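Asker: Predicted model and sequence below, questions to follow.
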4 protein chains.
Amino acid sequence: MTNSSLAAPDATLVERLATANRILYNEGVVDGFGHVSVRHDRSAGHFLLARNMAPALVTPADILTFDLDGTPIDAGDRRVYLERFIHGEIYRVRPDVVAVVHSHSPNVIPFAVTKTPLRPVYHMSGFLGEGTAHFEIRDVAGNSDLLIRNSALGRALATALGVRSAVLMRGHGSTVVGTSLEQVVYRAIYAEMNARLQTQATALGAVTYLNAEEAALAAATNDTQLARVWELWQRKVER
Amino acid sequence: MTNSSLAAPDATLVERLATANRILYNEGVVDGFGHVSVRHDRSAGHFLLARNMAPALVTPADILTFDLDGTPIDAGDRRVYLERFIHGEIYRVRPDVVAVVHSHSPNVIPFAVTKTPLRPVYHMSGFLGEGTAHFEIRDVAGNSDLLIRNSALGRALATALGVRSAVLMRGHGSTVVGTSLEQVVYRAIYAEMNARLQTQATALGAVTYLNAEEAALAAATNDTQLARVWELWQRKVER
Amino acid sequence: MTNSSLAAPDATLVERLATANRILYNEGVVDGFGHVSVRHDRSAGHFLLARNMAPALVTPADILTFDLDGTPIDAGDRRVYLERFIHGEIYRVRPDVVAVVHSHSPNVIPFAVTKTPLRPVYHMSGFLGEGTAHFEIRDVAGNSDLLIRNSALGRALATALGVRSAVLMRGHGSTVVGTSLEQVVYRAIYAEMNARLQTQATALGAVTYLNAEEAALAAATNDTQLARVWELWQRKVER
Amino acid sequence: MTNSSLAAPDATLVERLATANRILYNEGVVDGFGHVSVRHDRSAGHFLLARNMAPALVTPADILTFDLDGTPIDAGDRRVYLERFIHGEIYRVRPDVVAVVHSHSPNVIPFAVTKTPLRPVYHMSGFLGEGTAHFEIRDVAGNSDLLIRNSALGRALATALGVRSAVLMRGHGSTVVGTSLEQVVYRAIYAEMNARLQTQATALGAVTYLNAEEAALAAATNDTQLARVWELWQRKVER
């Protein structure tokens, strides 16, 4: 499929992606930085992502299409995110992934910089399974500005992520993946909440985390309840 | 009393229950998940609970009636909460209980997952008495999704609760009970606040908790002041 | 002066007291509970305090007049606060005090229950001088509901306060005094902030507190800047 | 250049400075206290700063012009900030500095009072380089009200700052400098966020901070993204 023949994405998907941007801001996952993408519904080799701007302000008109190399199809003279390679390279190696959130979600950072994995403290974060992956950019790029600013760094990050649902990035933030836009937004929000709870619990005493089977069962159940919270989050950003 | 002959609940009670849902969201006890119920005012063998939805959005039209087995009387094709059994089984064994809140109230979770009881740090949480009960679902169900998804698990939880006012559920959240809707909302809000204060106090030094007699006396006094805070909480959600 | 001949308080003072109630709620010092009073501007033997209600909802029409024994002059059938004796007994023994705040300000509670004095971490809380007083109601009343519900308990609290500007009450909260309504509101807000900062600083390392001379000098300077913050706080509650 | 011949500052700059005041309040850097200045665009020997008032309420009409000695040119009978000398003396010795923020930003205070430098935990705070400077006013002024209330104290603070971007002031707060208004607002906001994250990370385990080269590279990249966040912050205060 050449770019010129690429079908337009579903308008509802574009709208949901814009909404996802505002939800992630409203729920404290992203601030002026961070981004969320979704795989193109008509081409597995493309994904949708806002132009370079604060997520809280994104509208459907700001959504661009990229190929997996991170090249924008329809950006014109609009600036694009430096770290779009996070998205493309994960979509390339993880066919199961339909949506990706990259953020500096504050409660997660302390885990990333102390190389402490997030582990599920409660059923809401069953998707964390037996823990998060860790990415140390120094091992790949030496001293850098810590950004995933090209395909090689994107590939290295995707490799670190492996089959997990989240990777913590030292000195930077985290990236969470999901099988739908609603699911990845849920995961980004509850990764942040789990980080906060895990920090507090660790200070209180010895924590009993969900074991692998509990985590998998809880994650499966939660996936049946996504519409409920999405409705709430959407209403809040529409106010 | 057969279901067909069950009298309709008092309209004011239904309205107060809808308000309680929104208050619990507004005060940070529930997020997109969690629920509050009240015993039917015309039948001790039934209780009122919203359909499966985010508490913040509940209106009187969303309130359903259940029997103590958790079977909905009037749900039609509306989805119900997976964990309605928490409510029914507690109402069954605790005739004194008129209202129940189940939540993932964030400051309480670290206590639940470290098996640390909440204890009353100040008079506002005298209802915590000499501490909270603890429920470990693994002891009953082995590995599970941690939800109270049937009557047997509900019974086990009710047994763990015993005569106390709150039970902490490992890997999950907590359940608080009361003798009125106003009281259980008060208890859920101040259980969360007590958890936050207990966490901070524990880090500072040796804590002098309320003893059993102080706790009982303070709880009795607070019960005379519920109208004052309910008025405030109600006004806030009506804005 | 007999009650029948007591002049009405200045209308502006009554309005400022109502505003002070709403400010203290808005800035997180009081929730549904807590109260602020001011000494009557025409009689040193009386003080003004809202009827029993949530501070956030207080308007000038809710302000009552009490004598120092805590007897309301003009309450009619309106309920009064159980703990009005805090105010009367402090006004009795501290002629310098013009306004009193009693609250369960959350960051202060952990200090009260671990018998840790608040000490000034920065110039904004110079009024904390060399530390706060401590009050253990068990020493006076044995086991109780922890409330200051009569004159004898009020006197004991006032004695514990001594010449300081704040007293921490075990299992309960704190009481702050000042020489004006604006000053006591400032002190209540910055006592709460100092508690938060002191908690965090203590976890980080050895704290250098203000010494006695620094504290006195800083407090004197801050008193010249009260109009600035009062204007801000007032505007916020008027929105 | 004599004051009488001093050209008026650019109207847009004055407006941006008023906006900066409101942004810093809205983002939690300043409360009723704290201030932000910018160097005069027509005279390196002057700077712009609001009259003595709460930053949240500043409008363009409240902006005054000062010379580097802290003498206001156009204040008339309006009160000026006691600590304007912070700004003048830094502008004098740091020709690269175009804007200065002084605040009591809450998460930073615990670092200032325990003599713990802030260090960059993530790329967003690369401007912190290898750490913050520390200022102990007792070494210069003995016991004082801790304020920078004259040129001599301003000079001592500027000396402590040296070539760094931020100086922590024991018992007081912090001062951050930048090469533009947008940059200094960014730095003040992310110094506060870095402090929060560093506190949490330190409690979790051994932190890997950005090294000097990473910090410099990250800071350079972030400077290219300032317009994005300024747009967001501005929109929020305009609502």
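Answerer: That came in fine, so what should we check first? Residues are numbered from 1 along each chain as shown, chains lettered A, B, ... in the order given.

Asker: give me every residue that touches A:Gly126.
Answerer: By Cβ atoms under 8 Å, 6 or more residues apart in numbering or on different chains, the contact set of A:Gly126 is A:120, A:210, A:214-222, B:145. Heads up, the C-betas are built off the backbone N, CA and C, glycines and all.

Asker: The spatially most central residue of chain A sits in which helix or strand?
Answerer: With the centre of chain A defined as its mean C-alpha position, the nearest residue by Cα atoms, centre = their mean is A:Val101, 1.6 Å away. Element membership for A:Val101, per DSSP states H and E: strand A:99-103.

Asker: so does that strand get close to chain D?
Answerer: No - if you take Cβ under 8 Å from any Cβ of the partner chain as the test, strand A:99-103 misses chain D, and the best it gets is 11.6 Å.

Asker: so which helix or strand takes in the residue nearest to A:Gly126 when sequence neighbours are not counted?
Answerer: Sequence neighbours aside, A:Ala218 is the residue nearest to A:Gly126 in space, at 3.1 Å (criterion: Cβ to Cβ, 6 or more residues apart in numbering or on different chains). A:Ala218 is located in helix A:212-222, with elements delineated by DSSP H and E.

Asker: Identify all contacting residues around that helix.
Answerer: For helix A:212-222, contacts defined as Cβ under 8 Å, 6+ apart pick out A:120, A:123-124, A:126-130, A:186, A:210, B:82, B:143-147, B:171.

Asker: 6 Å - rerun?
Answerer: Helix A:212-222 has contacts (Cβ atoms under 6 Å, 6 or more residues apart in numbering or on different chains) with A:120, A:123, A:126-127, A:129-130, B:143, B:145-146.

Asker: Could you report the neighbour count for the closest residue to A:Val58 other than its chain neighbours?
Answerer: Distances taken as Cβ to Cβ, 6+ apart place A:Asn21 nearest to A:Val58, at 3.9 Å, with adjacent residues excluded. By other Cβ atoms under 10 Å in any protein chain shown, 28 other residues sit near A:Asn21.

Asker: Might you report the residue contacts of A:Asn21?
Answerer: Remark: with contacts taken as Cβ under 6 Å, 6+ apart, A:Asn21 is in contact with A:36, A:55, A:58.

Asker: Chain C: which of the contacts of A:Gly126 is nearest?
Answerer: Within those, proximity to chain C (Cβ to the nearest Cβ) peaks at A:Pro120, which comes in at 26.0 Å.

Asker: distance of the nearest residue to A:Arg119 once chain neighbours are set aside from chain C?
Answerer: Using Cβ to Cβ, 6+ apart and skipping residues adjacent in sequence, the residue nearest A:Arg119 is A:Tyr209, 4.5 Å away. According to Cβ to the nearest Cβ, to the nearest Å, A:Tyr209 and chain C sit 24 Å apart.

Asker: Confirm that A:Tyr209 sits in a helix.
Answerer: No - looking at A:Tyr209 with DSSP: H, G, I helix; E, B strand; the rest coil, it is coil, so not inside a helix.

Asker: Surely it touches A:Pro117?
Answerer: No - using Cβ atoms under 6 Å, A:Tyr209 is not in contact with A:Pro117, being 10.1 Å away.

Asker: Between these two, point out the one with more neighbours.
Answerer: Neighbours per residue, other Cβ under 10 Å: of A:Tyr209 and A:Pro117, the larger number sits with A:Tyr209, 20 against 16.

Asker: pLDDT at that one, what is it?
Answerer: Here, the pLDDT recorded for A:Tyr209 equals 98.

Asker: ok, now how distant is it from B:Leu168?
Answerer: According to Cβ to Cβ, to the nearest Å, A:Tyr209 stands 16 Å off from B:Leu168.

Asker: A:Gly76 now?
Answerer: Distance from A:Gly76 to B:Leu168, by Cβ to Cβ: 56 Å.

Asker: What residues does chain A have near chain B?
Answerer: Residues of chain A found near chain B (Cβ under 6 Å from any Cβ of the partner chain) are A:121-123, A:197, A:200-201, A:204-205, A:207-208, A:210, A:213-214, A:217-218, A:221, A:228-229, A:232.

Asker: change it to 8 Å
Answerer: Within chain A, the positions lying close to chain B (Cβ under 8 Å from any Cβ) are A:120-124, A:126, A:193, A:196-197, A:200-201, A:203-211, A:213-214, A:217-218, A:220-221, A:225, A:228-229, A:231-233, A:235.

Asker: does chain C sit close to the longest helix seen in chain A?
Answerer: As assigned by DSSP state H, the longest helix anywhere in chain A is helix A:181-204. No - Helix A:181-204 lies out of reach of chain C by Cβ under 8 Å from any Cβ, never closer than 9.4 Å.

Asker: So is that helix next to chain D?
Answerer: Yes - using Cβ under 8 Å from any Cβ as the criterion, contacts between helix A:181-204 and chain D involve A:199, A:202-203.

Asker: Disregarding flanking residues, what is the spatial nearest neighbour of A:Ala206?
Answerer: Of all residues not flanking A:Ala206 in the chain, B:Thr114 sits nearest, at 6.3 Å (Cβ to Cβ, 6+ apart).

Asker: I meant A:Arg149, not that one.
Answerer: In space, A:Arg149 is closest to A:Leu82, 5.2 Å off (Cβ to Cβ, 6+ apart).

Asker: got it, and A:Pro95?
Answerer: Ranked by Cβ to Cβ, 6+ apart and with sequence neighbours excluded, the top spatial neighbour of A:Pro95 is A:Ala44, at 7.2 Å.

Asker: Roughly how far does that neighbour sit from D:Ser103?
Answerer: From A:Ala44 over to D:Ser103 the distance is 49 Å, taken as Cβ to Cβ.

Asker: about what we covered before: what helix or strand is the residue nearest to A:Val58 on?
Answerer: Taking DSSP H and E as the criterion, A:Asn21 maps to helix A:11-26.

Asker: Among A:Gly76 and B:Leu168, which residue is more densely surrounded?
Answerer: Using other Cβ under 10 Å, the more surrounded residue of A:Gly76 and B:Leu168 is B:Leu168, with 28 against 7.

Asker: Check the secondary structure at that one for me.
Answerer: strand.

Asker: my read: it touches B:Pro110, true?
Answerer: No - B:Leu168 lies out of contact with B:Pro110 (Cβ atoms under 8 Å); the separation is 9.9 Å.

Asker: just to revisit the earlier point, and the contacts of A:Gly126 as TSV, adding distance to C:Val29 and neighbour count?
Answerer: Below are the contacts of A:Gly126 laid out as TSV (distance: Cβ to Cβ, whole Å; neighbours: other Cβ atoms under 10 Å in any protein chain shown):
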residue	distance to C:Val29	neighbour count
A:Pro120	37	28
A:Leu210	39	28
A:Glu214	42	22
A:Ala215	41	25
A:Ala216	46	17
A:Leu217	45	18
A:Ala218	39	25
A:Ala219	42	22
A:Ala220	45	12
A:Thr221	41	17
A:Asn222	38	22
B:Asp145	42	23
